Structure formats: structure tokens, C-alpha cells
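**Q** sequence plus predicted model, see below.
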Amino acid sequence: MSKREPEIAETEKKIGETKADSLQTSLAWLHDVLRGKIGHGLDTRVLEGLRVVHAEKGLMRFDLVVPDGVSDADGNWHVGALASLLDLLGGVAIFSFANRIITSVDFNVSYYSTAKIQEHVEIESKVTANRGKLIHVVVEVRRKGNGELIAVGKQWMASNKLTVAQLSNL
């Protein structure tokens, strides 16, 4: 048994207890990813320092100081790390809305500007369409202070009938 298995079981237990409240479940999952309890090391690195500013079903806002560990050779926020962040936070917003396991079926990112390491940004993740099993989310990253658009991720995700609690029992 790995060191992380008891922590993952604890997270799954919390998720099972809060399955009726998709917002709390999505925030609990995000918190555990931030703490490195679940997910991949890349997820934790990409989200390092993320702070939830506002959370409601289908709409979340975050603050982030771009961490050192996600830089490219020029000291900018690496576009791959930024895309990973957009994917993760889009999934969190959709789960808070749908309370279902989701899979990306279409994901695109438009980059409008660069951000330097240690720069402060604001992120909004918002569900914009619900077509039954298909849900659309838009995640915008803006420079804190002047609101300059850095990147926009648009994603369609497909939900299945399983909740996180049901999946953990498989």
C-alpha cells in the first residue's frame, strides 16, 4: 500500500458524505489536489498557490500568483502549464454544476498575452451551456489590476451517469 492510499481513501469518504452537494464536493476535490493528496504532481504544481475567491454552482473565481515551477526558458508562464490549469478549473466548475464525472470532448485555448512568473492573475471558470450530457465551460485568465486578457480556454465536456462516490466504489 502506498503512502497516499489512506489519504485518497479519506478524500473519497469525504466526497461520498457530501455527494448531495456538488459545489462542496468539487471544492473538496480541488483542495485535496492543491494539498497533493490526490491527482498527479503536475496538477499540484500547476495549481500551486491558487486561492478560491468566489464559488457557486457553475461559476468560480480564483486568484493566483504564477508559481516559479511553471516557467518556460524566458521566465514566462509556460503555455502547457496554463492549458493544464484551464482544463482543471473548467472541470471543477462543471462538476460543481453537474455533480458528475466528466470527460473532455473538445478543448481549445487562445493565448492573448504572456504572464511572468510571480505575476498576479485572476481566473474565472463559468459554465455557459448545458445540452444534457454535454456541458460547455469558458475559463478566462486576466492580469490582476488592469484586467488584460491572458488566455481563454473553451471546453465541451461529456458527463456520464457516475458520481465520484459511485466511481470510488468500482
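**A** Arrived safely, thanks for sending.

**Q** which residue ranges form the helices in this structure?
**A** Ranges of helices in the chain, per DSSP state H, are 5-17, 22-34, 41-47, 79-98, 164-168.

**Q** among those, which gets the worst mean confidence?
**A** Ranked by mean pLDDT, the helices of the chain bottom out at helix 5-17, with a mean of 45.

**Q** distance across stretch 128-138, terminal residue to terminal residue?
**A** 7 Å (Cα to Cα, to the nearest Å).

**Q** buried residues, it. List them.
**A** Within stretch 128-138, the residues that qualify as buried are Ile135, His136, Val137, Val138, counting by 16 or more other Cβ atoms under 10 Å. The C-beta positions use only the backbone N, C-alpha and C, and glycine is treated the same way.

**Q** could you list the residues in contact with it?
**A** Residues outside stretch 128-138 that contact it (Cβ atoms under 8 Å, 6 or more residues apart in numbering) are 90-91, 93-94, 97-98, 102, 105, 125-127, 152-160.

**Q** now do 7 Å
**A** Contacts to stretch 128-138, defined as Cβ atoms under 7 Å, 6 or more residues apart in numbering, come from residues 90, 93-94, 97-98, 125-127, 152, 154-159.

**Q** excluding chain neighbours, what is closest to the spatially most central residue of the chain?
**A** Central residue of the chain (Cα atoms, centre = their mean): Leu89, 2.1 Å from the mean position. Excluding its sequence neighbours, the residue lying closest to Leu89 (Cβ to Cβ, 6 or more residues apart in numbering) is Ser125, at 4.4 Å.

**Q** isn't that neighbour right up against Phe95?
**A** No. At 10.7 Å, Ser125 does not count as touching Phe95 under the criterion of Cβ atoms under 7 Å.

**Q** circling back: these two touch, right, the residue nearest to the centre of the chain and Glu124?
**A** No. Using Cβ under 7 Å as the test, Leu89 is too far from Glu124 to be in contact (9.0 Å).

**Q** give me the common contacts of these two.
**A** With contacts defined as Cβ under 7 Å, 6+ apart, no residue is adjacent to both Leu89 and Glu124.

**Q** how much space separates the residue lying closest to Asn108 once chain neighbours are set aside from Arg61?
**A** Leaving aside its sequence neighbours, Asn108 sits nearest to Lys154 (Cβ to Cβ, 6+ apart; 5.5 Å). Distance, Lys154 to Arg61, by Cβ to Cβ, to the nearest Å: 18 Å.
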